[in-house]
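Pasting the sequence and the predicted coordinates here, then a few questions.
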Amino acid sequence: MVHEHPPDCPLSVHDLTVAYQRKPVIWDVDLNIPEGKLVGIVGPNGAGKSTLLKACLDLIPKTSGWVHIYGQPYRANRHLVGYVPQRESVDWDFPVNALDVVAMGTYRRLGWFRPVGKAQKAIALEALEKVGIAHLAGRQISQLSGGQQQRVFLARALAQDAKVYFMDEPFAAVDAATEQAIVVLLQELRDSGRTCLVVHHDLATVAQYFDWLIFLNLRVVASGPTREVFTDENLRKTYGGKLSLLDHAAEAIRRS
Amino acid sequence: MNWTPDDTWIALTGALCAMACSLPGCFLVLRKMSMMGDAISHAVLPGLAIAFLVTGERASLPMFLGAAATGVLTAVFTQWITRFGNIDQGAAMGIVFTTLFALGLILIVQAADHVDLDPGCVLYGAIEFITFDTVSLGSTEIPRAALVNGGALLLNLTVIATLYKELRISSFDSGLADTLGFSSGLLHYLLMTLVAVTTVAAFESVGSIIVIAMMIVPPAAALLLTRRLLPMLLLSSAIAGASAVLGHWAALIVPPLIGFERTNTSGMIAFTAGLLFTLAWIFSPTEGLLRRRADALSSADGTT
C-alpha cells in the first residue's frame, strides 16, 4: 500500500472509504496515479468502480479519506478535471442537439450567467470534428446511435480541455469503429500529457489499451504499470471464482 | 355571448398565470418531476394558514412568504426522504405533500372561525371575481391578480433567461454540472423556489387546478412539437396562453349551448389545455399519432 503522496501527482487518493446505507462500497482505497498515463480501472460488477470515480469527483459523500488533484484538494483544482459519465446516466430524449451537449464542456470557462456564444460553438464544432461526427452537430441527440452518443460525450470531454479525465465505461455498447476511434483519442490525450482514468469491462483488450491498471474489488487489489500488475494472480484475486472470465483473461495475457 | 372588459381582464390574468406556470413547468417535465407542481401547490396550504395564525390578518406579504417557504420546504423534505428513507421520489413527494396539506386543512379549520379562508376557493380559485379587487395605476384600474401573476411571469422569465444554460446543463446532466462548478443542488432549489412563488401567486387569484395543469400539460404538448429547449419554452408559453384565452371564451359560450348558465373558468382553462395536448399528440409533425401511422404504413409498403 502507498501512503506517501507526491504533490505533482494528477490524482492521489488517501484512505478513501465510501459507504452506502452503512455498507461499504469501496474500502480504504489508496492510490497515486502518475501523469500522462492511460489508466484502466477493472473489476467485477459491483466492485465499486463507478463509486470510486464519483467519490473522487465529490458527486457522492465520502465516509473517510481524501482526494487530491495535482496536490490540491479536489475543490481547489476542479478546473483541471473532466468527467465523462456513463451514457445511460442521462436522458437522451432531452431537447438538445449534439452541438448543445458538446458546448456544455465549455461552460466552466464561461462561468455563471454568460450565455453560450459563437466562440463556444466553434470549440464544440472542432471537438465534434475530432471525434468524426461534425456532420451530426445539428442532430437531436435521441436520433444518434449508441456509438455516436458516446462520441458526443467524448467530444464534450475534449471541449472541457482538462488535465485529468474520469471516464465511466466509454466503451460500453459501442460499435467496433467507435471503439477504435475512442482508443486513438485516448492515446492522443495521453501523448499531450493528459491523464485518463477509464472504467473498462473487457479483459481481452485491457492490456492492449491501458498502460496502467487499477484492479478494484471493494479494495484496491493492485495498482501499477500494466506490465507488472496484469497477472494471473491479480485477476484471480479481483474476480474470484468467475472462471469463464478468467480463461478469457488468461488468453489475453498469453497474447500480450 | 356578451364579452365585457372584465372578461378581457379575466382571460389576460389567466394567460399571465398560465404562462408563468408553464416556464418552470418545462424544467419539471424534463427533470421527470412533473408532479412537483402538484405537490407544492397543495403543500403551501399550511404556510398560508400559519402565516395567518401568526399575523392574525390576511395581509398578502406574510401569507405569500409563509406559503413560498412551505413550498420550498416540500422540495427539501422530498429530497431528504428520498435520500435517507431509500424511497423513490414520487412516493416521497406523496408523503410530504399529503401530510402538509392535511396539516394545512386542520389549521384552516381552526382559523375558519375567524376568517374566510375557504379550502374550496383554494382548489379552483375565483378567477371570475378578480375585477372586484383592483389597484389603480394612473387612470386605469388593474385587477390585483393580473399584477401578481404578471409579476410571477416576469420573475420566471428573468431567472430562466439569465440562468438558461445553467438550468439546461443541470437538468440534462447534473453530475457534469456539479463537476463544472454549477451546483445542481442550488439550481434545483432555485427552480423549486420559482415553482413555489409561482404557485402562491396563482393560488389566491386563480386556484391550484390551473397551476397543476399549466406546469405539466403545455410543456408536455410542446415537447411533442419540438426537440429544442428554447422553442419548447416558447411553444409551451404560447399553448398555456392560448389555453387561458380559449378556456375563458369556452366557459362563456359552451354552457348556454347545453342549457346551463355558466361554468367554472379555471376548470375550462385546464380542460382546454388538455384538448390542445390531444391535438398536439394527434397532429405533431414528428411525434404525432397520424405521422406514426403514416410511417408505419410506408415502411410496411417498403418491405413488401
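It's in.

Tell me the residues of chain B that contact chain A?
Counting by C-beta under 8 Å from any C-beta of the partner chain, chain B comes close to chain A at B:30, B:32, B:86, B:162-166, B:168-169, B:171-173, B:175-176, B:178-182, B:223, B:226-229, B:232. Just so you know, the C-beta spots here come from the backbone N, C-alpha and C atoms, and that holds for glycine as well.

Show me which of those residues are buried.
Neighbour-count burial within the residues of chain B next to chain A applies to B:30, B:163-166, B:168-169, B:171-173, B:175-176, B:178-180, B:182, B:223, B:226-227, B:229, B:232; the criterion is 16 or more other C-beta atoms under 10 Å in any protein chain shown.

out of those, which are inside helices?
Using DSSP state H, the members of these that fall within helices are B:30, B:164-166, B:168-169, B:171-172, B:175-176, B:178-179, B:223, B:229, B:232.

Of all residues in chain A, which one is nearest the centre?
In chain A, the residue lying closest to the centroid (C-alpha atoms, centre = their mean) is residue A:167, at 1.8 Å.

Just the pLDDT for that residue.
In the prediction, the pLDDT value recorded for residue A:167 is 96.

In contact with it, which residues?
Contacts here follow C-beta atoms under 8 Å, 6 or more residues apart in numbering or on different chains; on that basis residue A:167 touches A:83-84, A:157, A:196-199.

redo that, cut-off 6 Å
Applying C-beta atoms under 6 Å, 6 or more residues apart in numbering or on different chains to residue A:167 gives the contacts A:84, A:198.

Can you give me the distance of it to chain B?
Per C-beta to the nearest C-beta, to the nearest Å, residue A:167 is found 12 Å from chain B.

Also residue A:202?
Taking C-beta to the nearest C-beta as the measure, residue A:202 falls 24 Å from chain B.

ok, now residue A:131?
17 Å.

same question, residue A:30
Taking C-beta to the nearest C-beta, one finds residue A:30 at 23 Å from chain B.

Can you give me the neighbour number for that residue?
For residue A:30, the count of nearby residues is 18 (other C-beta atoms under 10 Å in any protein chain shown).

quick one: secondary structure of it?
Following DSSP: H, G, I helix; E, B strand; the rest coil, the label given to residue A:30 is strand.

Give me every residue in chain A lying close to chain B.
Neighbours of chain B within chain A, by C-beta under 6 Å from any C-beta of the partner chain: A:57, A:59, A:83, A:85, A:90, A:94-95, A:104, A:107-108, A:113, A:116, A:140.

From those, list the buried ones, please.
Members of these classed as buried by 16+ other C-beta under 10 Å are A:57, A:59, A:83, A:85, A:90, A:94-95, A:104, A:107-108, A:116, A:140.

Which of these fall within strands?
Residues from these lying in strands, with DSSP state E as the criterion: residue A:83.

Correct me if wrong: residue B:226 contacts residue B:234.
No: checked against C-beta atoms under 6 Å, the pair residue B:226 and residue B:234 is beyond contact range at 8.7 Å.

tell me how far the ends of stretch B:159-173 are from each other?
Length of stretch B:159-173, first residue to last, C-alpha to C-alpha, to the nearest Å: 20 Å.

So what touches it?
So stretch B:159-173 is contacted by A:90, A:94, A:104, A:113, A:116, B:23, B:27, B:30-31, B:177, B:182, B:184, B:187, B:229 (C-beta under 6 Å, 6+ apart).

Need these in JSON lines (columns: pLDDT and distance to residue A:76).
Below are those laid out as JSON lines (pLDDT from 0 to 100; distance: C-beta to C-beta, whole Å):
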{"residue": "A:90", "pLDDT": "94", "distance to residue A:76": "27"}
{"residue": "A:94", "pLDDT": "96", "distance to residue A:76": "31"}
{"residue": "A:104", "pLDDT": "97", "distance to residue A:76": "23"}
{"residue": "A:113", "pLDDT": "95", "distance to residue A:76": "23"}
{"residue": "A:116", "pLDDT": "95", "distance to residue A:76": "26"}
{"residue": "B:23", "pLDDT": "97", "distance to residue A:76": "36"}
{"residue": "B:27", "pLDDT": "97", "distance to residue A:76": "31"}
{"residue": "B:30", "pLDDT": "96", "distance to residue A:76": "33"}
{"residue": "B:31", "pLDDT": "94", "distance to residue A:76": "30"}
{"residue": "B:177", "pLDDT": "96", "distance to residue A:76": "19"}
{"residue": "B:182", "pLDDT": "96", "distance to residue A:76": "17"}
{"residue": "B:184", "pLDDT": "94", "distance to residue A:76": "20"}
{"residue": "B:187", "pLDDT": "96", "distance to residue A:76": "22"}
{"residue": "B:229", "pLDDT": "96", "distance to residue A:76": "33"}
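
May I see the residues you listed arranged in CSV, with distance to residue B:284 as well?
What follows is the contacts of stretch B:159-173, written out as CSV (distance: C-beta to C-beta, whole Å):
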residue, distance to residue B:284
A:90, 24
A:94, 18
A:104, 27
A:113, 34
A:116, 27
B:23, 21
B:27, 21
B:30, 17
B:31, 22
B:177, 30
B:182, 32
B:184, 31
B:187, 30
B:229, 17
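
which of those residues lies closest to residue A:189?
Using C-beta to C-beta, residue A:104 is the member of the contacts of stretch B:159-173 that sits closest to residue A:189, with 18.6 Å.

can you list the weak-confidence ranges in chain A?
Under the criterion pLDDT under 70, the flagged ranges of chain A are A:1-3, A:241-256.

And the strands in it?
A:11-20, A:23-33, A:38-42, A:64-69, A:72-73, A:81-84, A:164-167, A:195-199, A:212-217, A:219-225.

which parts of the first one are buried?
To tie it back to what came earlier, the one meant is strand A:11-20. Under 16+ other C-beta under 10 Å, the buried positions of strand A:11-20 are A:11-14, A:16-18.

cool, and the last one?
Using 16+ other C-beta under 10 Å as the burial criterion, the residues of strand A:219-225 that qualify are A:219-223.

The longest one too?
Using 16+ other C-beta under 10 Å as the burial criterion, the residues of strand A:23-33 that qualify are A:25-27, A:29-33.

okay, these in TSV with distance to residue A:6 next?
Putting the buried residues of strand A:23-33 into TSV (distance: C-beta to C-beta, whole Å) gives the following:
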residue	distance to residue A:6
A:25	27
A:26	22
A:27	24
A:29	17
A:30	13
A:31	12
A:32	7
A:33	11
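
May I ask which two of those residues are separated the most?
Greatest spacing in these, by C-beta to C-beta: A:25 and A:32 (21.5 Å).

can you pull out the helices in the stretch 1-150 of chain B?
Applying DSSP state H, counting those that start in this stretch to the stretch 1-150 of chain B gives helices spanning B:5-30, B:36-55, B:60-84, B:89-112, B:119-124, B:144-162.

As TSV, those helices with distance to residue B:270 would be great.
Shown next, in TSV, are the helices of the stretch 1-150 of chain B (distance: least, C-beta to C-beta, whole Å):
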stretch	distance to residue B:270
helix B:5-30	9
helix B:36-55	12
helix B:60-84	20
helix B:89-112	19
helix B:119-124	9
helix B:144-162	15
